[in-house]
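Student: Have a look; sequence and predicted model below, questions after that.
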Amino acid sequence: MDRSKTNRLTRALTALALLGASLAASAGTVRWLHLEQNPEVAAFYADVAKRFEVANPGTKVELQFLENESYKKKLTTLLQSPDKPHVIYSWAGGVLREQVKAGVIEDISDALNANGWKDRFSPSALNLYAVDGHTYGVPMLTSQVVFFYNKELFAKAAVDGGAIKSWADLLAAVGKLQGAGITPIVVGGGDKWPLHFYWSHLAIRLGGKPAFDAAMAGQGKGFASDTFVGAGELFKQLVDLKPFQAGFLGATYPQSAGQFGDGKGAMMLMLNGVLNTMRANAADKVGIPDEKLGWFAFPSVPGGKGAPEDTLGGMNGWLVTKGAPKEATEFLRFFTDAQNQRIAAEKGFYIPVVKGTPELVKRPILMNLAGNVAQSKYHQLFYDQMLGPSVGAVVNDISVELAGGRVKPADAANKVQQAWLQAN
């Protein structure tokens, strides 16, 4: 054979061998993208990954991190990359539906149906990760949005957090705190979504589940109905009192959590994940210790049809991206094993949803929240996630505009309705 041809053949075979080795290596690597800032929770993730590697020789779990807002902005581009992550964070809802429609998420129904994996979750929790009868992910934790407050600052202003039950009570507390020279509320308006908790919660208190279901079904005026206009009007009552910290429209969520942890404001309306974020961003990396931290549910409103027990929060979890190696799904099976979720519960990292673990939460403040969510008959997923990315973005935008006094309540509600009609 001609030597040049022999050399070319040798080089080609070598290249194929190297490619095969590379593919084999990548097939055994799981790229896990998370958002966790708290070093203790991140260490828990790393420990789970290491134990999975030990149990599955030849498999590597590569932990990747993005801050919450960067994740949301970059995820669409990341999912188009050949080096895309294999396991990603999810809030379920309409965003998940859009991702499934785009064909970037793997259907893991068969894996869930095998060996009793799906039996670890309640049907209601798992169904949030289902689209058209197929399941694309698994839930990890549940959360509730409440008003967390600094007990020492409340005492200084003679405010009783346990007595705040109505909207009038909240407005009165704001006045007392201001009278004592204390900033009443801290919020990360620069990230927008923290402000949507006000408009959404007020709509939940005013109209309950029937109003939201009717709006999604296109009944009446939809999201331009009295319930959602009224939510804006009540929010304006609070905004007019100027309760937020200076520069709140430019503050990010991590910055605002740090400010709250540093005692620069008395209250923060936020999901319980702030307990981790506050600690990571406080100047002393501790924040407000649990014994000095209180919470109360979002107050009732005049004429409200929603039950005081109705809750707003999340059912956050994980998805497997399209084309991921089988090890990615197996890793999620391992991660959601009750033994691993028991660790998270006992250490008070979050409120896990795997059966047999929520009741193991020992951290008092989390234990109380877990009980509160459990008794709720209507747990509404965050509006900005439930309604899908395009409508959710408008919900966040109008919440900022309302907080900044740049839009009228009726116009804000109409913007959401027009976005819903356009998207559906």
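Tutor: Happy to help now that I have it.

Student: going forward, measure contacts between C-alpha atoms and count neighbours the same way
Tutor: Will do.

Student: tally of neighbours for Lys176?
Tutor: 18 (other CA atoms under 10 Å).

Student: Next up, identify which helix or strand it is on.
Tutor: According to DSSP states H and E, Lys176 maps onto helix 167-179.

Student: who's in contact with the following helix or strand past that helix?
Tutor: Note on helix 167-179: by DSSP H and E, the next helix or strand toward the C-terminus is helix 193-216. Outside helix 193-216, the residues within contact range by CA atoms under 8 Å, 6 or more residues apart in numbering are 145, 187-189, 220-223, 225, 227-228, 230-232, 234-235, 253, 269-270, 298, 300-308, 310, 312, 378, 382-384, 395-396, 399-400, 403.

Student: ok, and what's touching stretch 49-60?
Tutor: Residues from elsewhere that reach stretch 49-60, judged by CA under 8 Å, 6+ apart: Gly28, Thr29, Val30, Val61, Glu327, Phe331, Phe334.

Student: So, low pLDDT: which residues of the chain?
Tutor: By pLDDT under 70, the low-scoring segments of the chain are 1-27.

Student: change it to 90
Tutor: Residues of the chain meeting the criterion pLDDT under 90: 1-28, 37-38, 69, 122-125, 370-377.

Student: Tell me how it divides into domains.
Tutor: In terms of domains, the chain is parsed into 3-142+314-371, 144-312+378-423 (source: automatic domain parsing).

Student: Tell me which of these sits most buried.
Tutor: domain 144-312+378-423 (a mean of 20; mean count of other CA atoms under 10 Å).

Student: For that domain, what is the spacing between the initial and final residues?
Tutor: Start and end residues of domain 144-312+378-423 are separated by 28 Å (CA to CA, to the nearest Å).

Student: can you check stretch 90-108 too?
Tutor: First residue to last in stretch 90-108 (CA to CA) measures 15 Å.

Student: Can you give the distance of it from its chain's centre?
Tutor: 15 Å (CA atoms, centre = their mean, to the nearest Å).

Student: go on, stretch 371-390?
Tutor: How far stretch 371-390 lies from its chain's middle: 10 Å, per CA atoms, centre = their mean.

Student: got a list of contacts for that stretch?
Tutor: 91-98, 143-144, 193, 196-197, 200, 209, 309-315, 391-393, 395-396, 419, 423.

Student: try 6 Å this time
Tutor: Applying CA atoms under 6 Å, 6 or more residues apart in numbering, the contact partners of stretch 371-390 are Gly93, Gly94, Val95, Glu309, Asp310, Thr311, Leu312, Gly313, Gly314, Gly392.
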